[in-house]
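Engineer: test case, fold it:
(chains A, B and C)
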Amino acid sequence: MTFARNGWYCAALTAEVGDTPMARRILNQPIMLVRDAVGDVRAIGDRCPHRFAPLHQGVRDDDTIECPYHGLRFDLNGACVFNPHGQGRIPAAAHVPSYPVVERDGVIWLWPGDPDLADPNQITDLQLIDRGGRPPVSGYLMMPVDYRLVLDNLMDLSHAAYIHAGTLSPSRARRESQYDSDETSIRVHTQMRDVEAPSSQALYFGDPKGDYHSDIEWVFPGTLRQRLAMTDTDGDPDAGAVTRNAHLITPETETSTHYFWIHTRNRRTDDTAIDERTRTIITNAFRTEDEPMIAACQNYMDGAEFFSLQPLYLETDYAGTRCRRAIEKRIESEARRAAVREPEHVGAA
Amino acid sequence: MTFARNGWYCAALTAEVGDTPMARRILNQPIMLVRDAVGDVRAIGDRCPHRFAPLHQGVRDDDTIECPYHGLRFDLNGACVFNPHGQGRIPAAAHVPSYPVVERDGVIWLWPGDPDLADPNQITDLQLIDRGGRPPVSGYLMMPVDYRLVLDNLMDLSHAAYIHAGTLSPSRARRESQYDSDETSIRVHTQMRDVEAPSSQALYFGDPKGDYHSDIEWVFPGTLRQRLAMTDTDGDPDAGAVTRNAHLITPETETSTHYFWIHTRNRRTDDTAIDERTRTIITNAFRTEDEPMIAACQNYMDGAEFFSLQPLYLETDYAGTRCRRAIEKRIESEARRAAVREPEHVGAA
Amino acid sequence: MTFARNGWYCAALTAEVGDTPMARRILNQPIMLVRDAVGDVRAIGDRCPHRFAPLHQGVRDDDTIECPYHGLRFDLNGACVFNPHGQGRIPAAAHVPSYPVVERDGVIWLWPGDPDLADPNQITDLQLIDRGGRPPVSGYLMMPVDYRLVLDNLMDLSHAAYIHAGTLSPSRARRESQYDSDETSIRVHTQMRDVEAPSSQALYFGDPKGDYHSDIEWVFPGTLRQRLAMTDTDGDPDAGAVTRNAHLITPETETSTHYFWIHTRNRRTDDTAIDERTRTIITNAFRTEDEPMIAACQNYMDGAEFFSLQPLYLETDYAGTRCRRAIEKRIESEARRAAVREPEHVGAA
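Structural biologist: Below is the predicted model:
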């Protein structure tokens, strides 16, 4: 398996989900997202168990959805509640999966694994800067690449000095990084002394030069919290222009990835022109700089498994490699757990 | 195997085939269709046995076709009759398959299996309404889906109340269906009492409402005969506006299907405006309503075999399921027959 | 394996390679081509061993190239010479392959196999006609087909009378061919008596008719030398309008082929209008006549191995078949050689 299933993944940003059902494939499962009558987001399987039609294309009637092909109706727990045909009997197997969902920090968190294990207390706090009720700057991209290549990209931000030089990062300057990790979290702290502010931060940091501080932390399965700060050269690291960002990485399929991002800052927070400029800089960077590079790497892998290609290990790969190993360990433990349960299940049948 | 080969399939409609050779892939075999000097349709393999060039692109000279790549000439029985090279010797293996073909009811029927078994008496009479020599309204679509999903679609017309509501079918009204079958034919009779005439039938049925009668019958391998009637509410079921249609389903490949349809009616048969309107309604329904839905279902099947996904069984699936089972049985019996003949063939060699 | 690796292949024409690195996939290996400070062409692997980024997209600095993703720098022998990260240590495995390259006859010859076996003396002399310093007429096409189908096409020019009738070849006239071969070369001589000059040769042969002489020779692995001559009917075969051409066939992948061609002639050599007309005729013939036909044949092979389809053998297939067998023999001998070396390598480790 390619995915760890028992974890909270970002399924959508708050603004994406409304009263009209939408479809999103998550860990290769087709899912329908919609807000119910009281405004809560609900997530059920999008594939009708009858003939596999996409439920989200159906007619919504209160908190039921009618399959667009033959008219079976399902409630938002995934149970079939109406069969318009023949005697109208509803077969026992007439249901689609229902997924635990929590909306928090502007994010629709979804648990694609065993619902019994879903604990909302495990959802990572994004530590965003409060914008006084105004929504943060955020965005969504689908990247046609393996999600692990996206995690590699984020866990080794040394690439920013090359492909985002001057926009998201100072160019080619000397970086010092420290690493720190435990079982479900890996942290990288990087500083660059007396460098030019990249254009994304020059927008609200007054001086042309200063010290650059970057902290990024991966939390299982696909949450990255990032703090970027520009301070006066050799000044107080807590007294600068600070942004707190989230990068939320959710596998769509084995070879495509949902990439959600959220940006908040501590200066000029009411300046909508800066909001717009930031959105443009980030979208351009991810779409025209990261994505083509990651896709080119994936293309040159010719379908091979990453480690089978014996990638060169550099010091800067510490965090990305630990992140890959942590996910692998989870996948293996989920497989062992499934193997143990399988015989029990058979025994009980 | 995915296909039953020993059966009469529609290869083309009469008007499609002329003096210029055309290519059509049928049950994954590339076939060339053309009319010979006396106007009969002939069907031979389209793949030159020399270097696999498409024969239909070659120059036709009387009842021979010259391979466009190196000039071998084949007659319309598939035999190579001229080799322009070297000593001009024609190798024993220089031939392409020849397929039994019968033209009847405006249809070019082709037998892709063992020619020794081809019996024209097995061709299904389409029971169309005579138009006094005028050709019926007809059409052709290639659908990029497994042919069995198209058969499912046609054998359970309850979908029409959802995806063709108001155009081909009354909307969401109560349907009563009866089923009847034998080894090579499955029949569904459905009636809906006192419903609005759908626009396709309102064209020649005078009243806004009435009783709706639908009879559809599948005959092995891919012929569907359909009778649709609107009558006065509680009136004589034989005295209404009647259409007799054929749906002819021929696998192109494992994942694509030729769909031919023919429409005839008993009222206003000379009204060419109704002909055109009917053609538009049917083409739109098949192309913009059926095809996207069937393709969406196939997409959500992710390449899995249909029954392995444990589709929900509803009463309305009786006919489609029997149809799938009847075809499976034929495929198995063809495989057994081939297995028996194989050793004999080896022994004789 | 599909390719013989130990041989000199055309990687590019002289004019294609300059100071800016370019990428080309050869025998399925991604390769970067560039001229170094003294103007020599150098070829190294294009895939960074760190995260598999395409090196040719990086910044060039003297005779080093900086990886565009994380900034490792490689010299033009493929060795990593700078690591900008952490302690800057360069891992032992930090290198990409380096390929032997020779520039001769306007061609960049590259040896994709074992560098120890690369002997520039084995490069085939193209026997082109000297143009007094002016470059020959030449061109490049990528064809989306197996390279062996392209070799088949060239080694049996009888196809020209059908798909290039009147442009590159006299139409459907009687051809007489002789064959001659040794281990690494296969030659076909063809003559056609008293035929109309095809338009490509009418450009510089004065008379409307004459004798047509065609000599083509394949030299392992992908070099074809061609001499075409029009002479007076029954006249001196050495006294005519002569073109000497090269066709250089290099596999890109299993299903795509680099096709380079070079044209020279002995008459009206300074006439640039004829140069342009010739370029147009050849490009049109290869792109609109050969390529669609070869692609159609490949399509009808449905992914099967060529000989498994039991292609019909005609006299005109002698040269192409020998050519395929000669390449197969090389591939087998390379595989045996690799099998012998593998255990030694393991023993030494």
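
Engineer: going forward, measure contacts and count neighbours with C-alpha atoms only.
Structural biologist: OK.

Engineer: so A:I123 versus chain B, what's the distance?
Structural biologist: Distance of A:I123 to chain B, given as C-alpha to the nearest C-alpha, to the nearest Å: 30 Å.

Engineer: not counting sequence-adjacent ones, nearest residue to that residue?
Structural biologist: A:W8 (6.3 Å; C-alpha to C-alpha, 6 or more residues apart in numbering or on different chains).

Engineer: in three-state terms, label the residue in the stretch 101-250 of chain A that chain B sits nearest to for me.
Structural biologist: Scanning the stretch 101-250 of chain A for the residue nearest chain B gives A:P112, at 17.3 Å (criterion: C-alpha to the nearest C-alpha). Of the three states, A:P112 takes coil according to DSSP: H, G, I helix; E, B strand; the rest coil.

Engineer: wait, isn't it in contact with A:A4?
Structural biologist: No. Using C-alpha atoms under 8 Å, A:P112 is not in contact with A:A4; the gap is 9.2 Å.

Engineer: and whichever helix or strand A:S138 is part of, what's buried?
Structural biologist: Using DSSP states H and E, A:S138 falls within strand A:137-143. Neighbour-count burial for strand A:137-143, counted by 16 or more other C-alpha atoms under 10 Å in any protein chain shown, picks out A:137-138, A:140, A:142-143.

Engineer: near chain C, which residues of the stretch 201-349 of chain A?
Structural biologist: Counting by C-alpha under 8 Å from any C-alpha of the partner chain, the residues of the stretch 201-349 of chain A lying close to chain C are A:293-294, A:296-298, A:300-301, A:311-316.

Engineer: mind listing the strands for the stretch 1-150 of chain A?
Structural biologist: Secondary structure of the stretch 1-150 of chain A by DSSP state E, counting those that start in this stretch: the strands cover A:9-13, A:22-26, A:29-35, A:41-45, A:59-61, A:64-66, A:73-75, A:80-82, A:98-99, A:101-104, A:107-110, A:137-143.

Engineer: the stretch 201-349 of chain A too?
Structural biologist: Remark: strands assigned in the stretch 201-349 of chain A by DSSP E, counting those that start in this stretch are A:209-219, A:223-231, A:241-253, A:256-265.

Engineer: okay, those in a markdown table with mean neighbour count next?
Structural biologist: Below are those laid out as a markdown table (neighbours: other C-alpha atoms under 10 Å in any protein chain shown):
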| stretch | mean neighbour count |
| --- | --- |
| strand A:209-219 | 22 |
| strand A:223-231 | 24 |
| strand A:241-253 | 23 |
| strand A:256-265 | 22 |
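
Engineer: tell me which of those strands lies nearest to A:E196.
Structural biologist: A:E196 lies closest, by C-alpha to C-alpha, to one member of the strands of the stretch 201-349 of chain A: strand A:209-219, at 4.3 Å.

Engineer: go ahead and produce PDB holding the CA coordinates of the closest one.
Structural biologist: Extracted C-alpha coordinates of strand A:209-219, given in PDB (Å, rounded to 0.1, in the frame of the first residue of the first chain):
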ATOM      1  CA  LYS A 209      17.900  43.100   4.300                       C
ATOM      2  CA  GLY A 210      17.700  41.200   7.600                       C
ATOM      3  CA  ASP A 211      17.900  37.700   9.200                       C
ATOM      4  CA  TYR A 212      15.600  35.000   7.700                       C
ATOM      5  CA  HIS A 213      14.200  32.300  10.000                       C
ATOM      6  CA  SER A 214      12.200  29.300   8.700                       C
ATOM      7  CA  ASP A 215      10.600  26.700  10.800                       C
ATOM      8  CA  ILE A 216       8.700  23.900   9.200                       C
ATOM      9  CA  GLU A 217       7.100  20.900  11.000                       C
ATOM     10  CA  TRP A 218       5.500  17.800   9.500                       C
ATOM     11  CA  VAL A 219       2.800  16.200  11.600                       C
END
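
Engineer: partners of it, with directions?
Structural biologist: Strand pairing for strand A:209-219, using DSSP bridges, gives strand A:185-196 (antiparallel), strand A:223-231 (antiparallel).

Engineer: with distance to B:P30 and mean pLDDT added, can I get those strands in TSV?
Structural biologist: Formatted as TSV, the strands paired with strand A:209-219 follow (distance: least, C-alpha to C-alpha, whole Å; pLDDT from 0 to 100):
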stretch	distance to B:P30	mean pLDDT
strand A:185-196	57	94
strand A:223-231	52	96
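
Engineer: which one of those strands lies closest to A:S256?
Structural biologist: Each of the strands paired with strand A:209-219 has some distance to A:S256 by C-alpha to C-alpha; the shortest is strand A:223-231, at 16.8 Å.

Engineer: now tell me what touches that closest one from outside.
Structural biologist: A:9, A:124, A:126-127, A:197, A:201, A:205, A:210-219, A:237-249 (C-alpha atoms under 8 Å, 6 or more residues apart in numbering or on different chains).

Engineer: what comes up buried for the helix or strand of chain A with the lowest mean pLDDT?
Structural biologist: Within chain A, no helix or strand scores below helix A:318-348, which has a mean of 83 by mean pLDDT, DSSP states H and E. Neighbour-count burial for helix A:318-348, counted by 16+ other C-alpha under 10 Å, picks out A:318-323, A:326-328, A:330-331, A:334.

Engineer: ramachandran angles for A:G222?
Structural biologist: Dihedral pair for A:G222: phi -140, psi 30, per degrees, to the nearest 10.

Engineer: what separation is there between A:F205 and C:A43?
Structural biologist: Distance, A:F205 to C:A43, by C-alpha to C-alpha, to the nearest Å: 46 Å.

Engineer: compare these two (neighbour count), which wins?
Structural biologist: Taking other C-alpha atoms under 10 Å in any protein chain shown, A:F205 and C:A43 do not tie; C:A43 has more neighbours (28 against 22).

Engineer: under a three-state scheme, what state does the residue in the stretch 101-250 of chain A positioned nearest to chain C occupy?
Structural biologist: The nearest approach of the stretch 101-250 of chain A to chain C comes at A:H159, 4.7 Å away (C-alpha to the nearest C-alpha). Following three-state DSSP, we place A:H159 in the helix state.

Engineer: quick one: contacts for it?
Structural biologist: Here A:H159 is in contact with A:153, C:69-71 (C-alpha under 8 Å, 6+ apart).

Engineer: any idea how far A:T255 is from A:V150?
Structural biologist: Taken as C-alpha to C-alpha, the span from A:V150 to A:T255 is 11 Å.

Engineer: and these two? Which one has more around it.
Structural biologist: Taking other C-alpha under 10 Å, A:V150 and A:T255 do not tie; A:V150 has more neighbours (24 against 18).

Engineer: gap between the more buried one and B:R341?
Structural biologist: 56 Å.

Engineer: ok, now A:A285?
Structural biologist: Distance from A:A285 to B:R341, counting by C-alpha to C-alpha: 65 Å.

Engineer: kindly report the same for A:N153.
Structural biologist: With distances taken as C-alpha to C-alpha, A:N153 is found 60 Å from B:R341.

Engineer: before we move on, back to that, show the pLDDT at the residue nearest to A:I123.
Structural biologist: Listed pLDDT for A:W8 reads 98.

Engineer: low pLDDT regions in chain A?
Structural biologist: A:1, A:342-349 (pLDDT under 70).

Engineer: domain parsing of it, as residue ranges.
Structural biologist: For chain A, automatic domain parsing gives the domain ranges A:9-122, A:137-328.

Engineer: how about the residues of chain A near chain B?
Structural biologist: By C-alpha under 8 Å from any C-alpha, the residues of chain A that approach chain B are A:30, A:47, A:49-54, A:68-71, A:85-86, A:91, A:93-94.
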